[in-house]
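Q: below are the sequence and a predicted model; questions follow.
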Amino acid sequence: MSEVVHFHDILEPRNTQCGIFSFMTKAWHPQKSFILEKYYSPQDLKDLVATSVYLDSVIEAESARTGVRKEKLKKEVLDYLEEMGLDKKLHTIRWMGILFLKVCFMMKIGVFVNEPAVMKIKSTMGRNPVMFLPTHRSYADFCLMTYLCYHYDIDFPAVAAGMDFYSMVILGRRMRETCAFYIRRTLVGAPLYAATLKQYVRTLVAKSCAPIEFFLEGTRSRSNKSLSPKYGMLSMMLMPFFAREVNDITIVPVNITYDRLMEQALFAYEHLGVPKPKESTGGFLKALRSLNDHFGNIYINLGSPLSVKDYIQNDYNISEETLKPLDLQQLTPEQFSKVQDIANYAVTLQQKNTVVVITNLISIVLMQSLIKNELLSYDEVLKEVHWVVNLLKNLGASVFENDVKSSVDRILVVHSKMIALDKDKRLRLISGTLMDMSDEVKAKMKGHILKAETMVNAVPIVQLQLYVNPVLHYLVPPAVVSLLVQRSVIHRDELVADFNGVRKLLKHEFFFVDRNEDVIFSNALEYCIHSKVIAKQGDTYVIGADHKLQFLLKWSISPFLTTILICMDVMIEIHSCDHNKALKMVQERVESRHVHPYCLSLECIGNCLQGLTLAGALAKDKTEKNDVQYTVATEKMKQSHQLITSILPPIEVNFGRRNDVVLDFRTVSSRL
């Protein structure tokens with residue numbers, strides 16, 4: 001069963017003009033995350049980096065390698081530090097806070113925080129550096145943690161931001177003044193920049209009194225679920241611990257959940273291959289003009305802090321690196337392996353702290369209604385939401401729901417462009433609109449150029465799927481068990497082997513840590529037996545009597561099994577091709593079939609190709625142009641194909657306007 005989490009709306013007390021201004025101009029004496037003998041200003045931190053022994057040695061080596069004078073290379077380092085370095089202007093932070101609150105109230109947003117968890121973490125601050133590792137689902141994530149720290153009188157976090165924001169006129173500078181530091185997307189081919197960034201991050205951790213915040217996923221998750229972590233930034237952050245500059249580092253996993261993603265339409269189009277628009281100040285201001293709408297609530301759940309020292313338990317050997325001067329020590333392969341382990345574990349902690357909200361619940365109910373092609377009345381919707389709440393709580397999910405009826409009424413307003421009640425008070429999904437793509441956009445499409453009708457049918461389904469996705473890490477393990485047992489009577493050993501095989505194929509779609517899989521399997525098996533999804537007969541397992549739950553589990557995993565099967569069919573036919581060609585061919589094949597529109601997702605297809613590589617069904621190489629090239633490993637591919645074919649549920653659905661649950665957007669206003 002799930003734990004009860006107590007949330008508090010931290011915006012509600014500010015919901016007056018006077019409330020905003022007086023709060024953002026209050027005297028502010030924050031708790032430092034790391035108390036040091038000396039306080040270093042943002043400029044002091046850059047000076048420490050510029051004069052470090054490590055960068056001196058890198059400049060010396062780079063000058064010898066390239067023949068460039070050391071003075072010129074030192075000037076390059078200073079330029080890099082000006083580009084990446086954070087600043088801290090309290091007056092800017094106060095004005096940005098006022099803007100943030102005004103935008104939140106314009107969007108009718110509430111920000112619900114697990115307050116006991118914040119206070120617990122705050123009470124332990126001061127002994128060592130603290131890192132906030134939030135999930136990354138929206139650009140709003142940047143603002144939320146900074147405002148949360150201001151609200152609870154915690155020093156502002158130094159936030160790692162991408163260079164997309166650096167080039168934004170005015171806004172880029174204001175973000176820097178609210179403690180953002182800028183990093184480039186790639187360090188390849190820029191050894192001096194990479195060295196400068198490593199030393200700057202290391203110095204921030206070891207010499208700054210403020211917490212550090214960065215996104216393990218490296219980018220926003222367009223699928224609204226956990227991505228595999230990137231290890232580079234965390235390896236830089238943990239270097240002071242491995243070099244014994246600091247005694248410990250505290251990692252705080254944070255899960256941020258949205259009733260309504262501000263970028264949901266953009267994400268849906270990106271899944272289908274439409275390139276994302278370039279970030280700009282003009283685009284930001286244009287977006288503000290369209291935000292006078294209901295966007296629902298945001299939920300911030302901070303998990304229990306993770307001590308790096310306790311987690312590793314000194315389980316690494318003293319190496320030759322420890323004999324070097326402090327500044328010159330670098331991560332050993334063994335230490336980097338520990339970094340990967342910590343990053344993977346942190347993602348599972350983020351998943352554990354997922355807050356299931358009313359949008360997730362009603363999206364599950366509506367998706368099932370679409371797949372059955374059965375309309376649900378308002379009262380039936382309430383009944384089904386109650387059923388899903390109990391289902392997820394039994395799986396260990398934290399469900400933020402006290403009054404289903406009022407929440408459903410609220411979310412119908414929040415998502416009025418996506419879902420609606422028709423004149424007979426039946427829940428419907430609003431259809432997409434026909435849009436012509438310019439030749440310029442078509443030229444930039446990342447996948448197959450889809451037909452206009454395909455786009456119309458796919459966009460609303462993909463948007464709806466974005467809100468089903470966050471709860472799938474609870475549903476997928478029992479779904480795999482159910483499907484494996486459903487195909488035939490099975491012994492435990494065979495069930496375990498096939499469960500692990502399916503999970504490996506889908507690992508990049510549903511992230512997990514290998515060492516936890518035995519526990520995950522056992523819990524899923526126990527849940528399925530307890531819920532009568534399956535039954536135990538002697539030494540074997542057979543299908544159970546709960547057909548309703550079996551059906552939900554079946555369709556919840558079906559789009560991903562379908563996608564991986566189509567990936568295998570395409571690769572078996574062509575045997576070898578590069579990554580981009582594979583994406584296009586699979587997407588084209590999906591378009592020709594009556595399958596779930598989420599199978600068109602380029603992210604999902606890419607994850608399935610990676611899963612096939614992990615399982616050994618595809619061999620992956622790099623070409624001379626540094627492109628990824630796949631080649632079929634025949635025997636492994638045959639085994640994987642047989643496994644997925646044996647469990648793929650036969651679900652035939654028309655997801656277009658001929659589905660009774662889809663409501664033509666042109667009739668919405670007259671039927672509400």
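A: Nice, I can see it. Numbering: from 1, shown residues only.

Q: what stretches of the stretch 51-200 of the chain score poorly on pLDDT?
A: 169 (pLDDT under 70).

Q: rerun that using 80 as the cut-off
A: Counting by pLDDT under 80, the low-confidence segments of the stretch 51-200 of the chain come to 165-170, 186-189.

Q: how about the helices in it?
A: Using DSSP state H, counting those that start in this stretch, the helices of the stretch 51-200 of the chain run over 53-66, 70-84, 90-106, 115-123, 141-151, 163-166, 171-177, 191-207.

Q: which outside residues touch the second one?
A: Okay, so that is helix 70-84. Outside of helix 70-84, the residues that reach it under the criterion Cβ atoms under 8 Å, 6 or more residues apart in numbering are 46, 49-50, 55, 59-60, 62-63, 166, 181-183, 192-193, 196-197, 200. Placement of C-beta: from N, CA and C, glycine included.

Q: if we use 6 Å, what do you get?
A: Outside helix 70-84, the residues that touch it by Cβ atoms under 6 Å, 6 or more residues apart in numbering are Lys46, Leu55, Ile59, Glu62, Ser63, Phe181, Tyr182, Leu192, Tyr193, Thr196.

Q: what's near enough to touch the nearest residue to Arg426 once chain neighbours are set aside?
A: With Cβ to Cβ, 6 or more residues apart in numbering as the measure, Leu375 is the residue that lies nearest to Arg426, at 4.4 Å, once sequence neighbours are left out. With contacts defined as Cβ under 6 Å, 6+ apart, Leu375 is in contact with Arg426, Asp660, Val661.

Q: pLDDT score for the first one?
A: To tie it back to what came earlier, the one meant is Arg426. pLDDT, Arg426: 97.

Q: write down the beta-bridge partners of it, one by one.
A: Counting by DSSP bridges, Arg426 is bridged to Ser377.

Q: do the same with the one 4 residues further on
A: Per DSSP bridges, residues listed as beta-bridge partners of Ile430: Leu663.

Q: thought it was touching Val661?
A: No. Ile430 is beyond contact range of Val661, at 10.5 Å (criterion: Cβ atoms under 6 Å).

Q: just the contacts of Leu375 now: which is nearest Trp95?
A: Nearest to Trp95 among the contacts of Leu375, counting by Cβ to Cβ, is Val661 at 46.4 Å.

Q: neighbours of that closest one, how many?
A: Under the neighbour criterion other Cβ atoms under 10 Å, Val661 is assigned a count of 22.

Q: these two touch, right, it and Met367?
A: No. The pair formed by Val661 and Met367 falls short of the contact definition of Cβ under 6 Å, at 9.5 Å.

Q: any stretches of the stretch 501-650 of the chain with poor pLDDT?
A: 623-626.

Q: in it, which spans are helices?
A: Along the stretch 501-650 of the chain, counting by DSSP H, counting those that start in this stretch, helices occupy 517-530, 547-574, 579-591, 602-614, 634-647.

Q: winner for burial among the ones you listed?
A: For the helices of the stretch 501-650 of the chain, the largest average neighbour count (mean count of other Cβ atoms under 10 Å) is found in helix 602-614, namely a mean of 23.

Q: tilt between that helix and helix 579-591?
A: Between the axis of helix 602-614 and that of helix 579-591 there is an angle of 120 degrees, by axes from the mean of the first three to the mean of the last three Cα atoms, to 10 degrees.

Q: now helix 602-614 and helix 547-574, what's the angle there?
A: Here the directions of helix 602-614 and helix 547-574 differ by 70 degrees (the same axes, to 10 degrees).

Q: residues contacting helix 602-614, please?
A: Residues outside helix 602-614 that contact it (Cβ under 6 Å, 6+ apart): 222-223, 271, 273, 446-447, 504-509, 563-564, 567, 582-583, 586, 618, 620.

Q: which ones among these lie within strands?
A: For those, the ones inside strands are Leu618, Lys620, with DSSP state E as the criterion.

Q: show me which of the contacts of helix 602-614 are buried.
A: Among the contacts of helix 602-614, those scoring as buried are 222-223, 271, 273, 447, 504-509, 563-564, 567, 582-583, 586, 618 (criterion: 16 or more other Cβ atoms under 10 Å).

Q: next, count neighbours for Ala497.
A: By other Cβ under 10 Å, neighbour count at Ala497 equals 12.

Q: could you measure it against Leu643, distance?
A: Computed as Cβ to Cβ, to the nearest Å, the Ala497 to Leu643 distance reads 10 Å.

Q: between the contacts of helix 70-84, which is nearest Ala161?
A: Within those, the smallest distance to Ala161 is 5.6 Å, found for Tyr182 (Cβ to Cβ).

Q: ok, and the closest non-adjacent residue to the closest one?
A: Nearest in space to Tyr182, with sequence neighbours left out and distances taken as Cβ to Cβ, 6+ apart, is Tyr166 at 4.6 Å.

Q: pretty sure that neighbour is touching Met175, no?
A: No. The criterion here is Cβ under 6 Å, and Tyr166 misses it with Met175 at 8.4 Å.

Q: which one's more surrounded, those two?
A: Met175 (24 against 19).

Q: burial measure for Phe156, as a count.
A: Neighbours around Phe156, by other Cβ under 10 Å: 21.

Q: from Leu234, how far off is it?
A: 21 Å.

Q: Glu115 too?
A: Using Cβ to Cβ, one gets 27 Å for the distance from Glu115 to Leu234.

Q: the more surrounded of the two?
A: Comparing Glu115 with Leu234 by other Cβ under 10 Å, the one with more neighbours is Leu234, at 22 against 18.

Q: not counting its neighbours along the chain, what's nearest the more buried one?
A: Ala343 (5.1 Å).

Q: with only the CA atoms kept, save the helix or strand where the one you found lies in CSV.
A: Secondary-structure element containing Ala343, defined by DSSP states H and E: helix 333-352. What follows is helix 333-352, C-alpha atoms only, in CSV (Å, rounded to 0.1, in the frame of the first residue of the first chain):
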residue,chain,number,x,y,z
PRO,A,333,36.9,4.0,-13.7
GLU,A,334,35.8,2.4,-10.4
GLN,A,335,34.5,5.7,-9.1
PHE,A,336,32.7,6.5,-12.3
SER,A,337,31.0,3.2,-12.0
LYS,A,338,29.8,4.3,-8.5
VAL,A,339,28.5,7.6,-10.1
GLN,A,340,26.5,5.6,-12.6
ASP,A,341,25.1,3.4,-9.8
ILE,A,342,24.1,6.5,-7.7
ALA,A,343,22.5,8.1,-10.8
ASN,A,344,20.5,5.0,-11.6
TYR,A,345,19.3,4.7,-8.0
ALA,A,346,18.3,8.4,-7.9
VAL,A,347,16.0,7.9,-10.9
THR,A,348,14.3,5.0,-9.1
LEU,A,349,13.8,7.3,-6.1
GLN,A,350,12.3,10.0,-8.3
GLN,A,351,9.9,7.3,-9.6
LYS,A,352,9.1,6.2,-6.1
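
Q: could you point out the helix or strand that follows it?
A: Downstream of helix 333-352, the next assigned helix or strand under DSSP H and E is strand 355-356.
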